[in-house]
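Asker: starting from these lines, generate the structure:
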Amino acid sequence: MKKNNRFQKVYKQGTVEGMEIWIDRETGVNYLVNFAGYRGGITPLLDAEGKPVVTPMEKW
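Answerer: This next block holds a predicted model:
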């Protein structure tokens, strides 16, 4: 089976409770992942205008 490298973790804060930022390598959209034990959630990371933060694709 081919390994899927679509998402890349670029930031992590905390171990049992914390946050991570993941980037979708196909679209460049950044996602904020919040976790606490067995709970968690994910949402697009937004800028001050409420638009998704997008990392330029040239960086990949």
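
Asker: residue 19 contacts residue 40, doesn't it?
Answerer: No: in this structure residue 19 lies outside contact range of residue 40 using CB atoms under 8 Å: 9.9 Å. Backbone N, C-alpha and C define where each C-beta goes, glycine included.

Asker: specify the beta-bridge partners of the residue minimising distance to the centre of the chain.
Answerer: Nearest to the geometric centre of the chain sits residue 22, at 2.0 Å (CA atoms, centre = their mean). Residue 22 has these beta-bridge partners by DSSP bridges: residue 9, residue 31.

Asker: for residue 55, which non-adjacent residue is spatially closest?
Answerer: Once flanking residues are discounted, residue 55 sits nearest to residue 28: 4.7 Å by CB to CB, 6 or more residues apart in numbering.

Asker: ok, residue 45 next?
Answerer: residue 30 (4.1 Å).

Asker: could you do residue 47 as well?
Answerer: residue 53 (5.5 Å).
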